[in-house]
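In: I'll drop the sequence and a predicted model, then ask my questions.
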Amino acid sequence: MDAIAEKYNAVVTAKVSFTSDLFILKVKPDKPLAEFVSGQYVLLGLSSNLARRPGSEPEFKESKPDRMVLRAYSIASSGHEPDLLEFYISVVSNGALTPRLAQLHPGDRLMVGDKIRGFFTLDTVPREHSTVVLAATGTGLAPYISMMRRHSAHPYPFRFVILHGAPRSWELGYLDELRMQARHLPRVTYIPSVTRMKEDPWWTGDTGRITKWFQDPELAKRLELEWDPNKTSVFLCGNPAMIHEVENTLKPLGYTIHGTQQPGSLHTEEYW
Ligand SMILES: Cc1cc2nc3c(=O)[nH]c(=O)nc-3n(C[C@H](O)[C@H](O)[C@H](O)COP(=O)(O)OP(=O)(O)OC[C@H]3O[C@@H](n4cnc5c(N)ncnc54)[C@H](O)[C@@H]3O)c2cc1C
Ligand SMILES: NC(=O)c1ccc[n+]([C@@H]2O[C@H](COP(=O)([O-])OP(=O)(O)OC[C@H]3O[C@@H](n4cnc5c(N)ncnc54)[C@H](OP(=O)(O)O)[C@@H]3O)[C@@H](O)[C@H]2O)c1
């Protein structure tokens, strides 16, 4: 018996795949997790003795045997069902954990860290801010799913604009759920955007990288967005290059990064 696997404390209850490399994992911890705030994350872990998915690239850094491979994942569920956690995960082909996570099926066990982590939450947004922009690439959408589910049960006092970029439309996870929320919840705008249009000629929605909304004043006007740090809070999650580009656009306009010591209107969560 794998001594590492004995530390597993949760079971997979469902897996919803968008592609072989992009999926939702629903997980039931043996003991309900402590309360969390939408936007926070936990560590997920699997034994390094578990085989990686066949066909994966060699590991970026080879994992030693008999180790728990742990990585951070934003919680996509809202916390209304504390004994069921949801994660939105993309496979990094040369990664240590994701080619192992991709092997999981309902009934399989894994480790969920019991410490709730992170400060990428809406509770520090000043009430006088009229608008909160939630911008994500790829699976960087996960914390916003939790926020929007919370918003539909207990509305936050803000207008939300969700900007989500993915290569192709079938990689826009949660598309139907967010479209439905934008239709039925007051003051929610959702702009899903596809960046590899040639590979998805059937997509009739918005195209191009989400950075354009911050860089082109005419586009911002279309969404009635005002890049004023006293009125609009901005959340950025996912690809670090996207985050740095938007940071460089907003900092000259007076935006500062939010930290535990120093409040600011720019909140960032870099995934790697
Ligand atoms: C706070 C936080 C929350 C996160 N939440 C999520 C989430 O909800 N869903 C999710 O899919 N991921 C999330 N991540 C990323 C996750 O923690 C892992 O880094 C990712 O799943 C890759 O793990 P790995 O072990 O397979 O690859 P690693 O062995 O860690 O990395 C292999 C190589 O890939 C690079 N890399 C790591 N992640 C990515 C990526 N996403 N795209 C491209 N290259 C990458 C690394 O820099 C390294 O060069 C989060 C990260 C942080 C810090
Ligand atoms: N093959 C698959 O089915 C699949 C699915 C999901 C993930 N993955 C793999 O998983 C890893 C990470 O996936 P992910 O979900 O985090 O990201 P991703 O799906 O690879 O990319 C998400 C989006 O981020 C955009 N982007 C990249 N750099 C940007 C920047 N500087 N500014 C603005 N937008 C930017 C991409 O646009 P561009 O298209 O213009 O680069 C893409 O639309 C990658 O290794 C990816 O290859 C594969």
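Out: Thanks, I have the structure now. Numbering: from 1, shown residues only. Ligands and ions are numbered 1, 2, ... in the order given.

In: can you give me the end-to-end distance of stretch 82-92?
Out: Terminal residues of stretch 82-92 lie 28 Å apart, using C-alpha to C-alpha, to the nearest Å.

In: which parts of that stretch are buried?
Out: 84, 85, 86, 87, 88, 89, 90, 91, 92 (16 or more other C-beta atoms under 10 Å). Quick note: C-beta positions are derived from backbone N, CA and C, even for glycine.

In: and those residues near ligand 1, which?
Out: 87, 88, 89, 90, 92 (C-beta under 6 Å from any ligand atom).

In: close to ligand 2: what parts of the stretch 1-150 of the chain are there?
Out: 19, 21, 22, 90, 91, 92, 137, 138, 139.

In: let's see 8 Å
Out: 18-22, 90-93, 98, 137-140 (C-beta under 8 Å from any ligand atom).

In: what of the stretch 151-272 of the chain?
Out: 165-168, 171, 193-196, 209-211, 238-239, 241-242, 244-246, 271.

In: now which of those would you call buried?
Out: Buried among those by 16+ other C-beta under 10 Å: 165-168, 171, 193-195, 209-211, 238-239, 242, 245-246, 271.

In: from the buried residues of stretch 82-92, which single one is nearest ligand 2?
Out: Of all the buried residues of stretch 82-92, ligand 2 sits closest to residue 90, with 3.5 Å by C-beta to the nearest ligand atom.

In: residues contacting the closest one?
Out: Residue 90 sits next to 21, 22, 98, 138, 139 when contact means C-beta atoms under 8 Å, 6 or more residues apart in numbering.

In: apply 6 Å and report the result again.
Out: Neighbouring residues of residue 90 by C-beta atoms under 6 Å, 6 or more residues apart in numbering: 21, 22, 138, 139.

In: give me the beta-bridge partners of it?
Out: residue 22 (DSSP bridges).

In: and the pLDDT at it?
Out: With respect to pLDDT, residue 90 scores 98.

In: gap between it and residue 178?
Out: Between residue 90 and residue 178 the computed distance is 18 Å (C-beta to C-beta, to the nearest Å).

In: coming back round to it: how about the buried residues of stretch 82-92 in a markdown table, adding distance to residue 204?
Out: Below are those laid out as a markdown table (distance: C-beta to C-beta, whole Å):
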| residue | distance to residue 204 |
| --- | --- |
| 84 | 35 |
| 85 | 34 |
| 86 | 29 |
| 87 | 30 |
| 88 | 24 |
| 89 | 28 |
| 90 | 24 |
| 91 | 28 |
| 92 | 30 |
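
In: check those residues and tell me the two furthest apart.
Out: Greatest spacing in those, by C-beta to C-beta: 84 and 92 (25.5 Å).
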